[in-house]
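> Below: sequence and its predicted model.
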Amino acid sequence: MVGHGGVVAFDDAVDMAWMARYAMEFCAIESCGKCTPCRIGSVRGVEVIDKLRHGERRPQNLALLRDLCHTMTMDRSAPWAV
């Protein structure tokens, strides 16, 4: 597997929560579907980020997002997600 990468540039006025959701949604759409952590984890990540952005800042949501990012880095396709 070759993997993927990208560079995104923006100024300090950008909404980082929106950017995190955008990146996770991109991973969900562009996933090849071969590995479960990326295929399912990115979809769950979008859901959790949406909850956080809409005020559901519960510790379990933050922990779930952290765990999803950690799981998605296990195959080294997204090594900088943590």
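That came through, no problem. Since the model is a prediction, treat every value here as computed from it, not as a measurement.
> For the rest of this, base every contact and every neighbour count on C-alpha atoms.
OK.
> chain center to the helix ranked longest in the chain, what's the gap?
For the chain, the helix that runs over the most residues, judged by DSSP state H, is helix 36-53. Remark: helix 36-53 is offset 6 Å from the chain centroid, using CA atoms, centre = their mean, to the nearest Å.
> pLDDT (mean, whole number) over it?
The average pLDDT within helix 36-53 is 82.
> Alpha carbons of the helix or strand of the chain with the lowest mean pLDDT, as CSV, please.
For the chain, counting by mean pLDDT, DSSP states H and E, helix 59-72 ranks last in confidence among helices and strands (a mean of 74). Output in CSV follows, covering the C-alpha atoms of helix 59-72 (Å, rounded to 0.1, in the frame of the first residue of the first chain):
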residue,chain,number,x,y,z
PRO,A,59,-15.3,13.3,28.6
GLN,A,60,-16.4,10.0,26.9
ASN,A,61,-16.7,11.8,23.5
LEU,A,62,-13.2,13.2,23.8
ALA,A,63,-11.8,9.9,24.9
LEU,A,64,-13.6,8.1,22.0
LEU,A,65,-12.1,10.6,19.5
ARG,A,66,-8.6,10.1,20.9
ASP,A,67,-9.0,6.3,20.8
LEU,A,68,-10.3,6.5,17.2
CYS,A,69,-7.3,8.6,16.1
HIS,A,70,-5.0,6.2,17.9
THR,A,71,-6.6,3.2,16.2
MET,A,72,-6.4,4.8,12.8
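> quick check: angle from it to helix 36-53?
Helix 59-72 runs at 150 degrees relative to helix 36-53, counting by axes from the mean of the first three to the mean of the last three CA atoms, to 10 degrees.
> Run through the neighbouring helices and strands of helix 59-72.
helix 36-53 (3 or more CA pairs under 8 Å, 6 or more residues apart in numbering; DSSP states H and E).
> May I see the buried residues of the longest helix of the chain?
By neighbour count on 16 or more other CA atoms under 10 Å, the buried set for helix 36-53 is 37-39, 41-49, 52.
> From those residues, pick the one nearest Ala17.
Among the buried residues of helix 36-53, Ile49 lies closest to Ala17 (CA to CA), at 7.5 Å.
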